[in-house]
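Q: Give the three-dimensional model of this entry:
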Amino acid sequence: MKTIGTRPSFQGDLCIRRIGRLPAGLVKATPIDGAYIVAHSETGHHHVVKERGAQLLIDSTNAFIAYLDVAEPTVLEHLRSFDTHAPYLLAPGKYEVRRQREHTPEGWRRAAD
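A: Residues are numbered from 1 along each chain as shown. Coordinates of the predicted model:
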């Protein structure tokens, strides 16, 4: 299992990096079945962390960025039984999670996963 260090790491269309502190004005996400969906996938293979060890915080001004406040070692998993992305171990700390985006004639959108 990979561990996130000081350099940005990637899991599919996510870029995860450790940060020193969380920005102000974040909103706590609602867990679903004991887990936070860090990145929703159109095909159902979400990227998730268990609620027990972390808290997902949303930046309501930017749909491409979210934050994790990790209280105890937590695994960021990719929920797909085949061709999956490797899980990451998140040590206690604060993390910024960015979604890839792509430009279309209609404007910017999240990259389809």
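Q: helix or strand for the spatially most central residue of the chain, which one?
A: Closest to where the C-alpha atoms of the chain average out (CA atoms, centre = their mean) is Val38, at 3.8 Å. Assigning secondary structure by DSSP states H and E places Val38 in strand 35-39.
Q: For stretch 54-68, list every residue counted as buried.
A: Buried residues in stretch 54-68, counted by 16 or more other CB atoms under 10 Å: 54-59, 66-68. To be clear about C-beta, it is placed using only N, CA and C from the backbone, and glycine gets the same treatment.
Q: cool, stretch 86-98 as well?
A: 88, 90, 94-98.
Q: Name the residues that touch it?
A: 1-4, 9, 11, 14-22, 38-39, 49, 54, 64-78 (CB atoms under 8 Å, 6 or more residues apart in numbering).
Q: that older thread, farthest pair within the buried residues of stretch 54-68?
A: Ala54 and Asp59 (16.3 Å; CB to CB).
Q: Leaving out chain neighbours, which residue sits closest to Phe10?
A: Among residues not flanking Phe10 along the chain, Ile16 sits closest, at 7.4 Å (CB to CB, 6 or more residues apart in numbering).
Q: ok, now which ones touch the one you found?
A: Contacts of Ile16 (CB under 8 Å, 6+ apart): 4, 8-10, 76, 88, 90, 95-98.
Q: Format those residues as CSV; extra columns: distance to Lys28, pLDDT and secondary structure.
A: What follows is those, written out as CSV (distance: CB to CB, whole Å; pLDDT from 0 to 100; DSSP: H, G, I helix; E, B strand; the rest coil):
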residue, distance to Lys28, pLDDT, secondary structure
Ile4, 21, 74, coil
Pro8, 24, 80, coil
Ser9, 24, 73, strand
Phe10, 25, 74, strand
Leu76, 18, 84, strand
Tyr88, 22, 80, strand
Leu90, 17, 90, strand
Tyr95, 15, 94, strand
Glu96, 16, 93, strand
Val97, 15, 91, strand
Arg98, 19, 88, strand
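Q: Of these, just say which sits nearest to Ala29.
A: Nearest member of the contacts of Ile16 to Ala29, counting by CB to CB, is Val97, at 11.3 Å.
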